[in-house]
Structures are given as structure tokens and as C-alpha cells.
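**Q** Structural data only, the sequence is not supplied:
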DNA sequence: CTCAACATTGACCATACGGTCAGGAAAAGA
DNA sequence: TCTTTTCCTGACCGTATGGTCAATGTTGAG
């Protein structure tokens, strides 16, 4: 804590440090941007609306992010980070029940906590991944190959049926992300109300049991 | 066939009938629009680009479709028709293996044949279904309730495990549509090439066996 | 206190977009 | 043929958008 002024001032409410200002505003803008991009898509989103949601003048956005595309790129990258982090749950698992089970739970939790991020990601991929194509070809491809190897090991060990690992991964992504990306449709079919705590537990349990049984792990 | 002119003129190449002109151009525009809306989203699509893809002057689009939103609405409705038609495959099936199996096959075929349509639909729902909310609340809800009843009957008859029918339907939609909506990601992970005939068969078989096993139908 | 670096913002600009319209071409009816 | 209806399209318009900039305020090191 390199603060020479005082030790009795842990977090001042208004007179902020320079770095704090920067980080705080960037976060504020990124959150607003994530929401607006999710609701309107890249083309439909406007810098003015993002500024309004963030409660800042439009010109201020351009001070922190040079262009709309720069801002969008940051949003997508942030989502990718969250996404990749959750993917680690599959490692070091003794078998598919623990590994895939934990992965499903982690991804369902992301769908619940970051539905906007998931939508932005989906939209980006749907439109041909114009800004994160390199991620798909490097990080995602490597991660996928690694997980395929793990699944093959589980199959070889007789811990699950000889399912095509690639399509299993697609199914995992599809089912879990569906609860975020098509959340509005699910909400409508749920009588107009978002899934509550218990319903999310049911959804997660449903997906887990269906897939784990589907791959012959239980 | 109310054609008083001649019986030896089944389909003239150039001198077209009025109705033919109208229908032909509308189809042409709708196809171009579906592609552009899928690639750029509603907000990112421009009437000029749709016109270029259709090979018509922009003003001509506005002759057939008053506004961009009208055109978009038509595209979404067309997709919904295809989608609903495929849904019929689940009816009159003796059990889940036939009913759900056929439904998966039909939906995978749609993902393959109409990936753009699927993307437009996904995009529409992701953005809160601004133009097809009423469809979700009427047609889709009714269809869903009907299918839930069928599944409950199969469960009662001991033809499958007591899976939550609602989440099963979500899983069916998610997995099958994923191959269209995230086709670009799948293509990238496939070495940059679209799935070929054999790979589509594998994908379909994979999804079918995983889900049918997952619900205890096989 | 001074001053340089950083932060803020109202006003402004060029462009691109959805949409309009008048006027002409082509087909259908009489 | 003449007339009416439908179809076609270049030119145009108002607006909204992404982005710029100069002027001003704020912070903190020396």
C-alpha cells in the first residue's frame, strides 16, 4: 500500500486516486457496453446509448476507448476470460462424473451470472467471429484438443461410453449456454418470469443427469 | 390453371406473368435479406447491402417491403414456419426413440440447410424477441405444452426415464441449433472446413444416441 | 505554489443510413 | 389501339451515428 498521505483513509469516497479513476470508469463503461451489445448487437448498439447507461458523456467513452470496435473487443475478451477460467474445472478430475459434472455446473453458473456476456459471445461467433477469430484458432482450439485427449483417456479407462468427444463438447456448450442465450424464450415459456433459484437447480440437475447418463458415466 | 393464352407455354423464361414477377422478386429479396441479417444482425444489416446481394436497386426493395422492419419480420416468420413444420415429426410416434429421434434428425437437417435462418431466429430471441414475442406466447407455448404432454405419456408408459420434459426440449433445441448458430466455431475447430456429409451424419448420430441414452430410451 | 499530465465535456463534422418521390417502362385489360 | 395498373429506379432528404477537438477542470509530484 504505497500511500504516503495517511493510514486512516482506506477508501475515500470522492477524492480518488488517478489509477482508481481510470479503472473505475473503464469498468463502468465495459459493464454498460456488455449490456447494450447484448441487447442490440454490435451494429444496433450506439455509443450514445452505452454512454447513457454508464451515466457518462459520450465523448468520455472515446477518451477511454478510441473506437466502438475497441470497446467491443474488450467486452468480448473479458467474456472469453471468464469462459476459459470455468473450463479449468474439467482438469484434474478423476473421471467424467466429477469432471464433466463440475464443468456443467460452472457453465450453468456463468449462464446465470453473465447472460449478457454469453449473448455477446454468441453474437460474435454467429457473425463469423470478426474480432476473435484468432482466439478460436489458437486458445480455443488448443483447449479443445486437450479436453478431447482427457475424454479419450476416460473412454479408454472404461469410465464412460465411446462417445465422440468433439460432439460431446459441442453438446456441453450448447445446452449450458442455451440458458443464457435463449433466456428470453425460456422466460416466456416459464410464464413470463425468469427461472428462480429452485428452477436453476432443476435445470442444472436436468442437464447433468441427461448428459452423464447419455455418455454412460452413470 | 386459369391460363387462357396457351397450353404450350408452361414456364416462359423472360416475359413473366405479373404474379410471377412479384413472387419471384419477393423470394429473391427475402433470400438476400436472410443472408445479410444472419451475417450482420438487424442493426448491422443495411438495405443497400441486401439490395446488392439481391442484385436490385435499393428503391426496389422498398417497393416490395415498406420498411426494413417489415422485411425482417417476413424473414423471421418464414423461419418460424420451417421450424414449426419440422416439429410435427414428433407427433404420432409410438415412443421416444422414434419421436425424439425423428425430431433430432429433422432439426439437424434444418441446421444444415437453413443455417442463416437459424441465426436470424437466435438473434431475434437473444435481443428479446422484439418482433415475434406474440409467437412465443401463443404458437410456441401451445406447441411446447402439447409436446410436454406427449413426453409425460411416454414416461408414464415406462418408455423413458422420468426426465423433466421442459428441460429435455430445451436440450433438443440447444444441441441441434448449435450446429447452425455456432457453425463458424465448429468449422474453425474442424480445421477451417465445414462439416462434410459424413461428419453431419456423425454429428446427428452423436446427438441422437447421447440424448436417447440420456433419457433412458435405449 | 507551480506546472505538467491526466481527465472531462459541449459543440461540431462528415458520412451513411432508412426512407421518399416523381417520372418513366412494361404488362394487362378494353 | 388506348387506358389503366403494376413495376422500376435515379436522385434526393432528414436524421442519427461514430468520431474529433479545443477549452476547461482536476490531480499530484517537485
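**A** Thanks, I have it. Since the structure is predicted, the reported quantities are computational estimates derived from the model, not experimental observations.

**Q** Quick check: the gap between residue A:94 and DNA strand D.
**A** When distance is defined by C-beta to the nearest atom of the strand, to the nearest Å, residue A:94 is 49 Å away from DNA strand D. For every residue, glycine as well, the C-beta is placed using N, CA and C.

**Q** Tell me how far that residue lies from residue A:168.
**A** From residue A:94 across to residue A:168, the span is 18 Å (C-beta to C-beta, to the nearest Å).

**Q** more crowded one of these two?
**A** Using other C-beta atoms under 10 Å in any protein chain shown, the more surrounded residue of residue A:94 and residue A:168 is residue A:168, with 22 against 10.

**Q** Wait, that one touches residue A:215, no?
**A** Yes - if you go by C-beta atoms under 8 Å, residue A:168 and residue A:215 touch, sitting 6.4 Å apart.

**Q** tell me, what's touching the two both at once?
**A** Both residue A:168 and residue A:215 are in contact with residue B:210, where contact means C-beta atoms under 8 Å, 6 or more residues apart in numbering or on different chains.

**Q** which residues does residue A:53 contact?
**A** Applying C-beta under 8 Å, 6+ apart, the residues near residue A:53 are A:32, A:35-36.

**Q** mind running it again at 6 Å?
**A** Taking C-beta atoms under 6 Å, 6 or more residues apart in numbering or on different chains, we find residue A:53 in contact with A:32, A:36.

**Q** Read off the pLDDT value for it.
**A** Reading off the confidence values, residue A:53 has pLDDT 98.

**Q** Could you do residue A:19 as well?
**A** In this model, residue A:19 is scored at 75, pLDDT.

**Q** What angle do helix B:18-44 and the strand or helix carrying it make with each other?
**A** Element membership for residue A:19 (DSSP states H and E) is helix A:18-44. Per axes from the mean of the first three to the mean of the last three C-alpha atoms, to 10 degrees, the angle that helix A:18-44 makes with helix B:18-44 is 180 degrees.

**Q** Enumerate the positions of helix A:18-44 that are buried.
**A** Residues of helix A:18-44 classed as buried by neighbour count (16 or more other C-beta atoms under 10 Å in any protein chain shown): A:25, A:28-44.

**Q** helices and strands around it, which ones?
**A** Helices and strands touching helix A:18-44, by 3 or more C-beta pairs under 6 Å, 6 or more residues apart in numbering or on different chains; DSSP states H and E, are helix A:47-54, helix A:58-64, helix A:68-87, helix A:115-126, helix B:18-44.

**Q** Remind me what the second one packs against, helices and strands.
**A** I take that to be helix A:58-64. Counting by 3+ C-beta pairs under 6 Å, 6+ apart, the packing neighbours recorded for helix A:58-64 are helix A:18-44, helix A:47-54.

**Q** Could you dump the ones you listed into JSON lines and include distance to residue A:157?
**A** Output for those, formatted as JSON lines (distance: least, C-beta to C-beta, whole Å):
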{"stretch": "helix A:18-44", "distance to residue A:157": "41"}
{"stretch": "helix A:47-54", "distance to residue A:157": "50"}
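
**Q** which one of those helices lies closest to residue A:179?
**A** Nearest to residue A:179 among the helices and strands packed on helix A:58-64 is helix A:18-44 (14.5 Å), distances taken as C-beta to C-beta.

**Q** and the gap between the closest residue to DNA strand C within chain A and residue A:51?
**A** When distances are taken as C-beta to the nearest atom of the strand, chain A reaches nearest to DNA strand C at residue A:59, 2.9 Å away. The spacing between residue A:59 and residue A:51, counted by C-beta to C-beta, is 8 Å.

**Q** For these two, work out which one has more neighbours and name it.
**A** More crowded of residue A:59 and residue A:51, by other C-beta under 10 Å: residue A:51, with 20 against 9.

**Q** Now for the closest residue in space to the more buried one that isn't next to it in sequence: which residues touch it?
**A** Nearest non-adjacent residue to residue A:51, counting by C-beta to C-beta, 6 or more residues apart in numbering or on different chains: residue A:58, 4.2 Å away. Counting by C-beta under 6 Å, 6+ apart, residue A:58 touches A:47-48, A:51.

**Q** Rebuild those residues as a markdown table, extending it with distance to residue B:153.
**A** Putting the contacts of residue A:58 into a markdown table (distance: C-beta to C-beta, whole Å) gives the following:
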| residue | distance to residue B:153 |
| --- | --- |
| A:47 | 53 |
| A:48 | 53 |
| A:51 | 54 |
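
**Q** Up against DNA strand C, what does chain A have?
**A** A:18, A:21-22, A:25, A:56-60, A:62-64 (C-beta under 7 Å from any atom of the strand).

**Q** Of the helices and strands packed on helix A:58-64, which shows the lowest average pLDDT?
**A** helix A:18-44 (a mean of 94).

**Q** That helix relative to helix A:68-87, how many degrees between them?
**A** Helix A:18-44 and helix A:68-87 are oriented at 100 degrees to each other (the same axes, to 10 degrees).

**Q** The helix or strand that contains residue A:177 and chain B in contact?
**A** According to DSSP H and E, residue A:177 maps onto helix A:165-181. Yes - Helix A:165-181 reaches chain B (C-beta under 6 Å from any C-beta of the partner chain) through A:167, A:170-171, A:174-175, A:178, A:181.
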